[in-house]
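S.K.: pasting a predicted model and its sequence here:
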Amino acid sequence: MQNKKLKWKSDFEKSVIIENFVNRGWIKSQEKEEESTDWNVYWATVWNVRNIFNPKNGFRLNDQQIINHFPNHYELTRKDCMVKNLKRFKREQDKEVLETFNFDFLPTTYIFPGEYSLFVEEFHRNPNQTWIVKPAARSQGKGIFLLRKIQQLKKISGTTVTSNMTQLNLASKENYVVSRYIDNPLLIGGKKFDLRMYVLVTNYKPLKVWIYNKGFGRFCNEQYTTDVAEIENMFVHLTNVAIQQYSDKYSQKHGGKYSIDALKLYVESAYGTDALQRMMDDIHNIMLTSLKSVQAVIQNDKHCFEMYGYDILLDSNLKPWLIEINASPSLTTTTPVDKNLKMNLINDVYNIVLPNDDFPDNEQKQQQPTKVGGFTLLYDESLDPNNRKTQKRQSVKIWK
Amino acid sequence: MQQLDNQEILMKLKSQKQFWDIKKKIKQGFSDQQKIGINDIQKFAQSCEIEDQLIKLISHILKKSKKRETLKEDQIEFLNTSKIKWTELLFKNLDIVHQKAKNQEEDDTNTDSKLYIYDEKNLLAFLQTFKQQQPSVLYQNVQFQSNKLLNINIPLKSAQQILDKYQYILLQEELPEEKINKIRKQIENEHLDTELEKIAQTYVPNGERCLLYLKYFEFDHQETVLQQNFAKLQKECSNQLFFDELLEIDGHEISEDTFYFVFQEQILTCLKCFIRDKTIKENIRIQLQNGMKKEHAEFQLPVTGFFPFKNISKYVAPLCYLSTKIHIIYALFKEFFCRYFCFLHAISSEYNSILSLCMQIEEIVSTRSPKLFHHLKVIGCDTLKLIIHQLIYCFVGDMDPPHILTIYDQIIGHDSLEILVILCVGFLNKYKPKLLLAKNYENVQQIFQELREDKFQELVQFAYKQ
């Protein structure tokens, strides 16, 4: 029964978090200071988590405290770190005799400024290729633009950039990632979309991953086109709700969000059951491979869990591509359906990490069912660490 | 009606895969024998049911060769007169709509968005105006019910007949993977509509639904023709019609739906082609409006023979899930409309017509849930007024797409719209406890404004609860 009076704290004034905590009968921590430690459950910003785990602060979490980020989550959720870790993991795996991971989901990507010269070489090899430039640590589509000419990099360097330059000095100190633009996205109704899916990691060593059965496609408001004249039209190319909400065609009723269930029905009906299964298998591969790539570097802490927002783009062949992974996926609700989804999402997160409002020990964690609310266990390394492939197939059946 | 001679039947048989399968079986049965007589073949065919298969196949060919005539006249004369009155009313509405559209063009502040020729409430209100005319000798034993919204004597199936027909759905369980695979293979190999109907009644896997529908409508080898026909219609769309404007406005509601907004452009394109499609008039099973020409009228009926109505977009929307190809979506929509949905807008005594379906719903609810029936009447919210929207638009917008497609499966499965009667009854039973507490129409509206999730199987189960 959920009647334990746990104390909660939240850095976000989001109804889906607060209502969930209140509905469970939990009490808000009364300490006003940001550094207050009188809590059991903390839904924190990434910066506050970093402070909490900063050894200089001398603060140690007790056994009755749980927090929603791993200390160095950015290894997965900063775009440049994600790319760096995936590339490193791929190099390691290439040396292995048994190939168990497929890495063909990350578009060719370069990190600026360090890999600028490599990018220039590739750019000249494929002069008709469009690239997408993104600040490594920003969100909501900020600072993103499409690139077809080297000279466009003036936007980030602050000075004229020519194609014979071998290095790039950036105006700001932040890194950028430049990826091959997927210019053949799957379109529905002629419009581009990407997928937002939720993944919960309750442990990195051993890795334990849950996938949520509800998510949504985020649609652009304008018909997709590869016409160069529309290359700067963000309403055609960028699916972020933060951008699309400013379109004249934005609807408050659906917010451009199309449920994953509806998308699956569409793919299955229009392309066939096998095509849907392959697509979902590939998406699960993206999730597992990306998490595995940071397993060795993430500071695993028993007080931590993390709910990631995966952004995935499907191309016209139904092949999924990893766009990015968000540590703090938006919990703002734009429609009643959206609110319902996110309320249930947070509720199910806490049903897993705090079953019956208890802090489970390792044995209790092992005995958890494989399905909790909308979450299904996608991968549990502790069950059979030597047989990952078999486990992956089994967990995919659970998902379907 | 077209009659086929033996040679034509043989030609059509040779175009069916099943014919060649049967021939192969017979050959295999006589592989060793050198002299084979007709009696030998007949005996062999009877012994392994090949004769039955062949008879079914020939019946299927003969049935398909008969061109179904569009129903223009009803057996009940006053319904024919009523259809004329309805058409006249629609012409008047069209004038009003046209004037409103003109006013909007001239005055931007005039945002009257009610630009449609009729909606389901208008249709129900018109049906209510029917008065029992001269009692027909044929229907003397049909009881004239005065407590119902619709007062008319037309032949109806008994409530029990309909309930019995669909009771099998209650027993349907989730099928194991091997059975689903078997059904998939059946759909790939089957061609006879009777067999496809049986599959549609049972279970249709999502991945094979489009194929089943195409086979049932005999489009599975005609993609090029469908594409060419659709392309011709699309070309005609460059000539703007007044009705296009009404379709664009109608599309606005579907564009707000979380399940269908992604298909907005496709839906509009399909409908614009639809109102230009001259073949609809000869393919539609029933004439919706009396196809008279109005003298001096600025607009006449579209070439389809009927006016587009509010929420016509809803009939296209679920079919957008079935294919990435718009000409396929269009072909399916056209068939569904011409065979089934047309009856929902036709003044007729046919068993599939809106009149019959409404009366059957009233009959079932008044006899099996008399308390609810009476209560709704007392608070000024008749049963039919409550469910007319769900009935006419097949629950599109009220149920999620997988459940709507299950409804479409059942429609094909029984070549009938009666499943809608079961679902409407189930819908009312599901909300009965709340409805019985409602004190007025506003209370009732509030009940249905809450976020709800109605499911096909669930509503069928509720239909059989008393």
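M.R.: On my side now, so go ahead. Numbers count the residues shown, from 1 in each chain, chains lettered A, B, ... in the order given.
S.K.: C-alpha only now, for contacts and for neighbours.
M.R.: OK.
S.K.: and what about the residue of the stretch 1-150 of chain A found nearest chain B, helix, strand or coil?
M.R.: The stretch 1-150 of chain A approaches chain B most closely through A:V16 (17.1 Å), counting by Cα to the nearest Cα. What DSSP: H, G, I helix; E, B strand; the rest coil gives for A:V16 is helix.
S.K.: what about it, how many residues nearby?
M.R.: 21 (other Cα atoms under 10 Å in any protein chain shown).
S.K.: touching, it and A:D348? I think so.
M.R.: No. Counting by Cα atoms under 8 Å, A:V16 sits too far from A:D348 to count as a contact (11.9 Å).
S.K.: give me the longest helix you can find in the chain.
M.R.: Since you didn't name a chain, this refers to chain A. helix A:273-295 (DSSP state H).
S.K.: switch to chain B, that's the one I care about
M.R.: From DSSP H, the single longest helix across chain B is helix B:77-106.
S.K.: just how off-centre is that one within its chain?
M.R.: Relative to its parent chain, helix B:77-106 has a centroid offset of 24 Å by Cα atoms, centre = their mean, to the nearest Å.
S.K.: ok, stretch B:232-241 next?
M.R.: Distance, centroid of stretch B:232-241 to centroid of chain: 26 Å (Cα atoms, centre = their mean).
S.K.: pLDDT of that stretch, averaged?
M.R.: Mean pLDDT, computed over stretch B:232-241, is 94.
S.K.: got the buried residues for that stretch?
M.R.: B:233-234, B:237 (16 or more other Cα atoms under 10 Å in any protein chain shown).
S.K.: pLDDT below threshold where in the chain?
M.R.: Here I'm looking at chain A. Filtered on pLDDT under 70, chain A yields the residue ranges A:1-4, A:32-35, A:97-99, A:384-400.
S.K.: my bad, chain B
M.R.: Using pLDDT under 70, the flagged stretches of chain B are B:1-3, B:15, B:32-34, B:64-67, B:107-114, B:131-146, B:291, B:293-298, B:451.
S.K.: quick check: residues of it near chain A?
M.R.: B:206-210, B:256-259, B:262-266, B:321-324, B:401-402 (Cα under 8 Å from any Cα of the partner chain).
S.K.: got the CA coordinates for the helix or strand B:K63 falls within in CSV?
M.R.: Assigned by DSSP states H and E, B:K63 belongs to helix B:50-65. Output in CSV follows, covering the C-alpha atoms of helix B:50-65 (Å, rounded to 0.1, in the frame of the first residue of the first chain):
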residue,chain,number,x,y,z
ILE,B,50,-13.6,-30.6,-55.2
GLU,B,51,-17.2,-30.5,-56.7
ASP,B,52,-18.3,-28.3,-53.8
GLN,B,53,-15.3,-26.0,-54.3
LEU,B,54,-16.1,-25.7,-58.0
ILE,B,55,-19.7,-24.9,-57.4
LYS,B,56,-18.8,-22.2,-54.9
LEU,B,57,-16.4,-20.7,-57.4
ILE,B,58,-18.9,-20.7,-60.2
SER,B,59,-21.5,-19.2,-57.9
HIS,B,60,-19.1,-16.5,-56.9
ILE,B,61,-18.3,-15.7,-60.6
LEU,B,62,-22.0,-15.5,-61.4
LYS,B,63,-22.8,-13.4,-58.4
LYS,B,64,-19.9,-11.0,-59.3
SER,B,65,-21.0,-10.7,-62.9
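S.K.: that helix - contacts with which helices or strands?
M.R.: In terms of contacts (3 or more Cα pairs under 8 Å, 6 or more residues apart in numbering or on different chains; DSSP states H and E), helix B:50-65 is packed against helix B:6-14, helix B:17-29, helix B:38-47.
S.K.: next, format the ones you listed as JSON lines and append mean neighbour count.
M.R.: What follows is these, written out as JSON lines (neighbours: other Cα atoms under 10 Å in any protein chain shown):
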{"stretch": "helix B:6-14", "mean neighbour count": "13"}
{"stretch": "helix B:17-29", "mean neighbour count": "14"}
{"stretch": "helix B:38-47", "mean neighbour count": "12"}
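S.K.: turn the ones you listed into a markdown table, including distance to B:F274.
M.R.: A markdown table is the format used below for the helices and strands packed on helix B:50-65 (distance: least, Cα to Cα, whole Å):
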| stretch | distance to B:F274 |
| --- | --- |
| helix B:6-14 | 30 |
| helix B:17-29 | 32 |
| helix B:38-47 | 47 |
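S.K.: number of nearby residues for residue 73?
M.R.: Chain wasn't specified; assuming chain A. Using other Cα under 10 Å, A:H73 has 22 other residues around it.
S.K.: chain B is the one I meant
M.R.: Using other Cα under 10 Å, B:E73 has 15 neighbouring residues.
S.K.: who's in contact with it?
M.R.: Residues in contact with B:E73 (Cα atoms under 8 Å, 6 or more residues apart in numbering or on different chains) are B:N80.
S.K.: how about B:F243?
M.R.: Contacts of B:F243 by Cα under 8 Å, 6+ apart are B:P308.
S.K.: just say helix, strand or coil for it.
M.R.: helix.
S.K.: surely B:N290 meets B:I84?
M.R.: Yes. Using Cα under 8 Å, B:N290 is in contact with B:I84, at 5.5 Å.
S.K.: what does the stretch 51-200 of chain A put close to chain B?
M.R.: Counting by Cα under 8 Å from any Cα, the residues of the stretch 51-200 of chain A near chain B are A:188-189, A:191.
S.K.: list the ones among those that fall in strands.
M.R.: A:188, A:191 (DSSP state E).
S.K.: backbone dihedrals for residue 330, both of them.
M.R.: I went with chain A, as the question did not name one. As for A:S330, its main-chain torsions (degrees, to the nearest 10) stand at phi -60, psi 130.
S.K.: you answered for a different chain; I wanted chain B.
M.R.: phi -60, psi -50.
S.K.: for it, which non-adjacent residue is closest in space?
M.R.: Distances taken as Cα to Cα, 6 or more residues apart in numbering or on different chains put B:C270 closest to B:Y330, at 5.7 Å, once the chain neighbours are dropped.
S.K.: what's the helix or strand harbouring the one you found in contact with?
M.R.: Using DSSP H and E, B:C270 sits in helix B:264-274. Helix B:264-274 is contacted from outside by A:189, B:230, B:233-234, B:236-237, B:244, B:247-248, B:251, B:254-255, B:304, B:313, B:316-317, B:320, B:326, B:329-330, B:334, using Cα under 8 Å, 6+ apart.
S.K.: which parts of that helix are buried?
M.R.: B:264, B:266-274.
S.K.: could you pull up the residues touching the residue of the stretch 101-250 of chain A found nearest chain B?
M.R.: For the stretch 101-250 of chain A, the residue closest to chain B is A:G189, as judged by Cα to the nearest Cα, at 4.9 Å. Counting by Cα under 8 Å, 6+ apart, A:G189 touches B:262-266.
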